[in-house]
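In: build the 3D model from these lines:
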Amino acid sequence: MNSKSMSKLDLKDTVILHCIERGKPIPSISPFVLKLETYLRMVDIPYQVDTTKPFGPSGKTPWISLNGVDMTDSQLIIEFLNKKYDKNPWENVSPEQKASARTVRVMLEEHFFWGMARWRFVEGVQSIPNLINISGVKFRLLKWVFPGRIKKSMNAQGLGRHPPDTIVKLVSDDLKDVSVLLGDKPFIAGDQPCEADCALFGSIAQCVWAMPGSPYHNLVENELTNLKEYCIRMRAKYWADWEDCLFKNIKA
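Out: So this is what the prediction gives:
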């Protein structure tokens with residue numbers, strides 16, 4: 001649903017999730033958008049999606065509006081909404097389990113993310129039209145601009161100073177560590193999902209459904225199969241309407 005179809009009544013007390021357009025094989029190719037939307041579903045907070053203004057005041061996506069208040073950064077948004085709606089997605093999680101789960105989130109969002117971004121917008125940039133709806137002109141511009149931006153950002157972060165093969169090895173190790181920590185548990189902290197599962201799903205689901213031909217897709221498909229099974233489990237639990245949320249199935 002876009003903002004043009006939202007009435008004032010619809011907006012009151014409803015989180016407006018501002019984000020990029022839906023993806024073709026996955027509801028969002030942004031791990032942070034998928035993370036936040038999964039959280040909203042997990043804790044049952046009413047929301048509507050608006051793709052007409054995907055980037056917020058800080059230039060980041062996703063961002064939210066709630067009764068006239070705007071906020072950016074998926075993690076800060078989650079912490080704000082936990083307090084606002086008195087939600088506790090860490091219920092029945094021990095301090096040790098919480099610390100481990102939060103460590104996984106930070107590793108995926110601050111380290112693995114950059115390897116994923118490099119493959120998607122540098123080595124795998126030709127597959128972008130298979131992931132999102134993008135015109136020929138915009139795609140040519142993306143291919144011209146994005147690789148340089150990603151490399152520059154990764155250089156500043158530090159990971160980009162390594163050769164491509166080393167980057168793949170380092171971030172593949174992230175996936176392997178997550179696989180070990182998950183083990184045969186249904187969710188990252190045990191039998192019940194917690195807040196960190198939203199971030200884990202947001203990132204790993206990209207490898208499962210939206211990075212064809214990448215070394216990370218090959219890992220979860222052929223070696224780290226517990227991660228793929230985990231994503232299928234999360235999708236079944238929170239995304240019964242998954243197919244309806246893909247770009248090709250969105251009704252105008």
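
In: give the contact list for E123.
Out: Residues near E123 by CB atoms under 8 Å, 6 or more residues apart in numbering: 164, 214. C-beta here means a position set from N, CA and C on the backbone, and glycine is covered the same way.

In: from G115, how far off is it?
Out: E123 sits 10 Å away from G115, going by CB to CB, to the nearest Å.

In: do the same with L108
Out: 10 Å.

In: shared neighbours, those two?
Out: Common neighbours of L108 and G115 (CB under 8 Å, 6+ apart) are D174.

In: secondary structure element holding I16?
Out: Using DSSP states H and E, I16 sits within strand 15-18.

In: what's the average pLDDT for that strand?
Out: Mean pLDDT, computed over strand 15-18, is 97.

In: next, the contact list for L142, please.
Out: 121, 125, 128, 134.

In: wait, I meant K98
Out: Counting by CB under 8 Å, 6+ apart, the residues that K98 touches are 90, 189, 194, 196.

In: where does the protein have low pLDDT?
Out: Residue ranges of the chain with pLDDT under 70: 1-10, 250-252.

In: does Q48 touch I16 like I think?
Out: Yes. Judged on CB atoms under 8 Å, Q48 makes contact with I16 at a distance of 5.6 Å.

In: more crowded one of those two?
Out: Higher neighbour count among Q48 and I16: I16, with 20 against 16, using other CB atoms under 10 Å.

In: quick one: that one and Y47 touch, right?
Out: Yes. Between I16 and Y47 a contact is recorded at 7.1 Å, counting by CB under 8 Å.

In: which parts of the protein are strands?
Out: Remark: strands assigned in the chain by DSSP state E are 15-18, 47-50, 63-66, 69-72.

In: can you add distance to W239 and give these back as JSON lines?
Out: Output for the strands of the chain, formatted as JSON lines (distance: least, CB to CB, whole Å):
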{"stretch": "strand 15-18", "distance to W239": "15"}
{"stretch": "strand 47-50", "distance to W239": "13"}
{"stretch": "strand 63-66", "distance to W239": "19"}
{"stretch": "strand 69-72", "distance to W239": "24"}
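
In: figure out which of these is closest to L81.
Out: strand 15-18 (7.1 Å; CB to CB).

In: and that closest one, how far out from the chain's middle?
Out: In terms of CA atoms, centre = their mean, to the nearest Å, the centre of strand 15-18 is found 15 Å from the chain centre.

In: that strand packs against which elements?
Out: Applying 3 or more CB pairs under 8 Å, 6 or more residues apart in numbering; DSSP states H and E, we find strand 15-18 packed against helix 31-42, strand 47-50, strand 63-66.

In: out of the ones you listed, deepest packed?
Out: Among the helices and strands packed on strand 15-18, the stretch with the highest mean neighbour count (mean count of other CB atoms under 10 Å) is helix 31-42, at a mean of 24.

In: packing partners of that one?
Out: strand 15-18, strand 47-50, helix 74-84, helix 195-209, helix 225-238.

In: between the last one and helix 31-42, how big is the angle?
Out: This means helix 225-238. Helix 225-238 and helix 31-42 are oriented at 50 degrees to each other (axes from the mean of the first three to the mean of the last three CA atoms, to 10 degrees).
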